[in-house]
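Asks: could you work out the structure for the sequence below:
(chains A and B)
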Amino acid sequence: MVSEKPPRTARTRLAVAGARAATNGALGTRSRRRAVAEAMFPAVLLLGLGFAVAGLASMIIWMLIEGTPRFDAGLFTNPPSRLFPEEAGYRPAILGTLYVIGGVIALIVPLGVGAAVYLEEYADSSRWFNRMFELNIQNLAGVPSIVFGILGLAFIARGPLSLGFVAAAGSITVAMLVLPTVIIAAREAIRAVPSSIREGSLALGATQWQTIWRQVLPASLSGIITGVILAVARAIGEAAPLLLVGATFFVTSDPHFFEGSYTTLPTQIYTWARQPQEELRVLAAAGILVMLALVLAMNSFAIWLRNRYEQRW
Amino acid sequence: MGMPAMVNRTAASGAGAGSPRRSLAAAGPRYGERLVQLLLGACAAFSVAVTAGIVLSLLSGTVDFFREVPIGDFLFGTEWAPSFADARFGVLPIVVGTLNIVFWSLAVAVPVGLASAIYLSEYAPRRVRRAVKPMLEILEGIPTVAIGLWALVFLRPLAEDVFPFLPWNTPTSVGVAGVAVGLLIVPLVASISDDAMRAVPAGLREGAYALGAGKMRVSLRVVFPAAISGVVAAIVLAVSRAVGETMVVLMAAGARPSLTVDPTDSVQTMTAYIGQTATGDIATGTVDYYTLFAVGALLFLLTLGMNMLAIRLVRRFREVYE
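Replies: Next comes the predicted model:
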């Protein structure tokens, strides 16, 4: 009987290579050294992980030490000032961030969830334009944030929309930047709803939209909310695209949404950090504490929500 | 909505014609359903419109730029001084600045990220895994302005204390900024590689264990090669992130375009140039203004190429094992 060679897929090739390597090791003369290496290896790996954790810890501890002296009520209620850095605060910047984020939420929830529902529930992936939507969203997620700033500058602040350098322009720019994040997260949440729920609903005579609205969306709500919170947390800290749509003005009065200059928390921090005075850097660090507290609280809430409501069907 | 009407019509057709079979298809056109589908499709199409907007805005500005500056001068020139009276538009110095950042960030993110991924997927007990994963997610969520300030005010003096023999002449330096960017992309490298390694079937590991291999050999010789396409995808995405990172390099790497490989020097990157120029007052229609678009287009093409490659690689490891 002729023994036929099995088809050599990537898996079998790897298994064979692994097996060969392993036997060589067991029969070789260097097994003692190997045992030492085996014992050392996890320590080396932990060193790598420790480096990342140490970086994160040093970052947060340094911010706390640097920013705490200026972490007072005036930080939230006072306007910025170059002349009196001890008194200066972030009031217009915080309001500006709230405006921008409000606009972002109003845009990304309908657009992001709508696109996700379409791609998961309606799109026939054999049609070329549906495949294009898919590839397009994946690519859009990887476009550098500053490039969205260029889009905002050429299309929203100037050009076709011509909104001017106002909070609304910043809002639309950042919304487009975080939209792919929302779509990808919402799609995953919708995909996790088992098809038996859809089939049950359809069998009872519900239309496709009734099924989506009353069964699929409620079942995937926690996942969608998690995605939206993560996207908003990212939007709060995003400074690069806003540099191009006017958020670097020195604003001392409260901003408006559609008119007048505005600034945001991250861009105001950047402006202070560029100044050479020590007091202004402390002020920047204090501003980062505010922003970090906000972002970390939102991220932790999102992670908690995901773990708490992660449904196993 | 259209429910009662539909019920009546089915009842009427069923009773009136007396046909033996009833159709299961909707009796009438459902305009509401069609409208909803159309609206949702429009939401999905919006993201294509965003991409189109990016391409159009970059393209029109770039075309205007190349009307003033020959394309050869831009791509191969070695002097970058677009806002000087005697303007020079050689993009190489800021491309080299970006490559410097990529080099130093990968020098941190690849070993740290891969070590973390191997530890998390092969060694970590469940408890550790559940504590470390959110920590990496938190690191990923820290605003880049914060990391930039930390690099400038904390990491830079620290680097001077640790390596006093190096010539630290400027308050900003590309090596320090690169390390900070590296820390920023560690979570990306770690989480994608971790996913790829966990997707390797347990059978491969068990086969190697059965032949007497230790955990290190299994990790390095079986799991790692089997997950290689995911690992490469993670690194490609990390490069793309490092190329596109703006705030950290703007704050910590400086604003002096130069063809240097010295980690203590300050450089300007493509993103930092865009951020810096846009922050000042800039008039539409000037060459300065169009330069933004030309550099932006170059940045977009570079990252787009890398992202496409990464998407392919990720798809491959999904296909093999899932």
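Asks: quick check: the gap between the most centrally placed residue in chain B and B:Phe74.
Replies: Centroid check for chain B by C-alpha atoms, centre = their mean gives B:Arg241 as the closest residue, at 3.8 Å. Remark: distance between B:Arg241 and B:Phe74 (C-beta to C-beta, to the nearest Å) = 25 Å. C-beta: built from backbone N, CA, C; applies to glycine.
Asks: so where is chain B shaky, pLDDT-wise?
Replies: Residue ranges of chain B with pLDDT under 70: B:1-24, B:280-281, B:317-322.
Asks: relative to B:Leu184, how far out is the residue in the stretch 201-313 of chain A positioned nearest to chain B?
Replies: As assessed by C-beta to the nearest C-beta, chain B sits closest to A:Gly237 within the stretch 201-313 of chain A, at 2.6 Å. Separation of A:Gly237 from B:Leu184 (C-beta to C-beta): 12 Å.
Asks: same check, this time on A:Val178
Replies: Distance from A:Val178 to B:Leu184, by C-beta to C-beta: 17 Å.
Asks: which residue is the nearest non-sequential neighbour of B:Val248?
Replies: What sits nearest to B:Val248 in space, not counting adjacent residues and going by C-beta to C-beta, 6 or more residues apart in numbering or on different chains, is B:Gly148, at 4.4 Å.
Asks: next, count neighbours for the one you found.
Replies: For B:Gly148, the count of nearby residues is 30 (other C-beta atoms under 10 Å in any protein chain shown).
Asks: now for the nearest residue to A:Leu47 once chain neighbours are set aside: which residues touch it?
Replies: Nearest in space to A:Leu47, with sequence neighbours left out and distances taken as C-beta to C-beta, 6+ apart, is B:Ala115 at 7.1 Å. Shown in contact with B:Ala115 (C-beta atoms under 8 Å, 6 or more residues apart in numbering or on different chains): A:44-49.
Asks: so which of those residues sit within helices?
Replies: Cross-referencing the contacts of B:Ala115 against helices under DSSP state H gives A:44-49.
Asks: and the buried ones among those residues, selectable in PyMOL?
Replies: To isolate the buried subset of the ones in helices among the contacts of B:Ala115 in PyMOL, counting by 16 or more other C-beta atoms under 10 Å in any protein chain shown, use the following:
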select buried, chain A and resi 45+46+48+49
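Asks: so can I have JSON lines of the ones in helices among the contacts of B:Ala115 showing distance to B:Arg256 and pLDDT?
Replies: Below are these laid out as JSON lines (distance: C-beta to C-beta, whole Å; pLDDT from 0 to 100):
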{"residue": "A:Val44", "distance to B:Arg256": "38", "pLDDT": "94"}
{"residue": "A:Leu45", "distance to B:Arg256": "39", "pLDDT": "94"}
{"residue": "A:Leu46", "distance to B:Arg256": "39", "pLDDT": "94"}
{"residue": "A:Leu47", "distance to B:Arg256": "35", "pLDDT": "94"}
{"residue": "A:Gly48", "distance to B:Arg256": "33", "pLDDT": "93"}
{"residue": "A:Leu49", "distance to B:Arg256": "36", "pLDDT": "93"}
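Asks: hmm, B:Ala117 is touching B:Ser193, no?
Replies: Yes: the criterion here is C-beta atoms under 8 Å, and B:Ala117 meets it with B:Ser193 at 3.7 Å.
Asks: how's chain A carved up into domains?
Replies: A:32-70, A:73-309 (automatic domain parsing).
Asks: distance of B:Pro93 relative to chain A?
Replies: Distance from B:Pro93 to chain A, counting by C-beta to the nearest C-beta, to the nearest Å: 18 Å.
Asks: now A:Ala17: how far from B:Ala226?
Replies: A:Ala17 is 10 Å from B:Ala226, by C-beta to C-beta.
Asks: what count of nearby residues applies to the residue of the stretch 201-313 of chain A closest to chain B?
Replies: 24.
Asks: check B:Ile101 too.
Replies: Around B:Ile101 there are 30 other residues, counting by other C-beta under 10 Å.
Asks: can you name the residue of the stretch 201-322 of chain B nearest chain A?
Replies: For the stretch 201-322 of chain B, C-beta to the nearest C-beta, closest residue to chain A: B:Gly244, 2.6 Å.
Asks: quick one: contacts for that residue?
Replies: Neighbour list for B:Gly244: A:143-147, B:271, B:299, B:303 [criterion: C-beta under 8 Å, 6+ apart].
Asks: packing partners for the host helix or strand of B:Val179?
Replies: Using DSSP states H and E, B:Val179 sits in helix B:174-198. With contacts taken as 3 or more C-beta pairs under 8 Å, 6 or more residues apart in numbering or on different chains; DSSP states H and E, helix B:174-198 sits against helix A:31-67, helix B:92-118, helix B:126-141, helix B:144-150, helix B:156-162, helix B:228-244, helix B:247-252.
Asks: just these: most buried one?
Replies: Looking across these with neighbours counted as mean count of other C-beta atoms under 10 Å in any protein chain shown, the highest average goes to helix B:247-252: a mean of 31.
Asks: can you give me the helices in the stretch 201-322 of chain B?
Replies: B:202-210, B:215-217, B:224-226, B:228-244, B:247-252, B:270-279, B:287-321 (DSSP state H, counting those that start in this stretch).
Asks: got the angle for the fourth one vs helix B:270-279?
Replies: Just to be clear, that refers to helix B:228-244. If you take axes from the mean of the first three to the mean of the last three C-alpha atoms, to 10 degrees, helix B:228-244 sits at 30 degrees to helix B:270-279.
Asks: chain center to helix B:228-244, what's the gap?
Replies: Centre-to-centre, helix B:228-244 and its host chain are 8 Å apart (C-alpha atoms, centre = their mean, to the nearest Å).
Asks: quick one: work out the angle between it and helix B:174-198.
Replies: Going by the same axes, to 10 degrees, helix B:228-244 makes 150 degrees with helix B:174-198.
Asks: just the helices in the stretch 151-300 of chain A please.
Replies: Using DSSP H, counting those that start in this stretch, the helices of the stretch 151-300 of chain A run over A:167-191, A:195-203, A:208-211, A:217-237, A:240-244, A:265-274, A:278-309.
Asks: so can I have CSV of these showing mean pLDDT and distance to B:Asn307?
Replies: Below are these laid out as CSV (pLDDT from 0 to 100; distance: least, C-beta to C-beta, whole Å):
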stretch, mean pLDDT, distance to B:Asn307
helix A:167-191, 94, 11
helix A:195-203, 94, 31
helix A:208-211, 94, 33
helix A:217-237, 92, 18
helix A:240-244, 92, 18
helix A:265-274, 91, 25
helix A:278-309, 87, 24
